[in-house]
Each structure stands twice: as C-alpha cells, then as structure tokens.
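>>> After the sequence you'll find the predicted model.
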Amino acid sequence: QVQLQESGPGLVKPSQTLSLTCTVSGGSITSTDYGWDWIRQSPGRGLEWMGVIFFDGSSHYNPSLRSRTSISRDTSKNQLVLQLSSVIPEDAGVYYCARHQHVVGEYDYWGQGTQVFVSS
C-alpha cells in the first residue's frame, strides 16, 4: 500500500520561503511508471496544480508559479521537497502531494494534506 505524508511548518511569514516534505512509503519515487505532484487548495482558488517531478528528477511547473516554485527529491529517503519562495498571504491553504500514473494520466494516491498559514 502506497502512502504519502506531507510535513512542514504550519505558519510562514510573508516574503519567506515555504518548504514542505512529502515522505513516500510502499513505492519508489524513482519508478518510471509515475510522476509525483504537488497540488494546493484554498477557498479562493480551489485546487491548483503546482508542479511535478518525474523518476529521473526532471520537473515541470505551473507557469503562474514557476518563478517561485522548486520541486526536488531525496531518493535515499524516498522524499519529495516543495519550496515556494517569496510567500504571500494568498499562498495560504492546504498543500497535497499526489502520485499520478503516466499511462492513464490519473492520480491514484494522495497525501492527507498539510495546512499552511501565512501571517506576520
């Protein structure tokens, strides 16, 4: 059974960098069959796709967030890392990591999400 668990600070100050970790168990983040995405949700925006990292470490980002977003990984720990720089209040919300299957293009596993507040 694949499990994804997000973790990170629940509160970030404006202009700081948000860093979140997604720990994956039950499956390898280097598997060629899957991509690993970060998605966030807020009342004002609904679900917003942020970016994805693939088995080879390559990544793609939402154009609206590309200048502030970085997704990396630690294969020794089977973890994904999201960094969002220059945080603004509108970045508050619930952040999820999720796995998608290349063949069908669907998400099959999600983390439970982690709440992020932005306040000074």
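It's in. These figures come from a predicted structure and were not determined experimentally. Residues are numbered from 1 along each chain as shown.
>>> List the buried residues in stretch 80-94.
Residues of stretch 80-94 classed as buried: Leu80, Val81, Leu82, Leu84, Val87, Asp91, Ala92, Gly93 (neighbour count, 16 or more other CB atoms under 10 Å). For the C-beta atoms, the positions are set from N, CA and C on the backbone; glycine is no exception.
>>> pLDDT weak spots in the chain?
Within the chain, the set of residues satisfying pLDDT under 70 is empty.
>>> which residues sit in contact with Ser86?
If you count contacts by CB atoms under 8 Å, 6 or more residues apart in numbering, Ser86 has them with Ser15, Thr17, Arg68.
>>> swap in Gly27?
Neighbours of Gly27 in contact, by CB under 8 Å, 6+ apart: Val2, Tyr34, Arg99, Tyr109.
>>> what helix or strand is the third one on?
It refers to Arg99. Element membership for Arg99 (DSSP states H and E) is strand 93-101.
>>> Just the CA atoms from that strand would do, formatted as CSV, please.
The C-alpha atoms that make up strand 93-101 are tabulated as CSV, following Å, rounded to 0.1, in the frame of the first residue of the first chain:
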residue,chain,number,x,y,z
GLY,A,93,-4.1,26.8,2.0
VAL,A,94,-3.8,23.0,2.2
TYR,A,95,-0.9,21.5,0.3
TYR,A,96,-1.0,18.0,-1.1
CYS,A,97,1.4,15.6,-2.7
ALA,A,98,0.0,13.0,-5.0
ARG,A,99,1.1,10.2,-7.4
HIS,A,100,-0.1,10.0,-10.9
GLN,A,101,0.2,7.1,-13.4
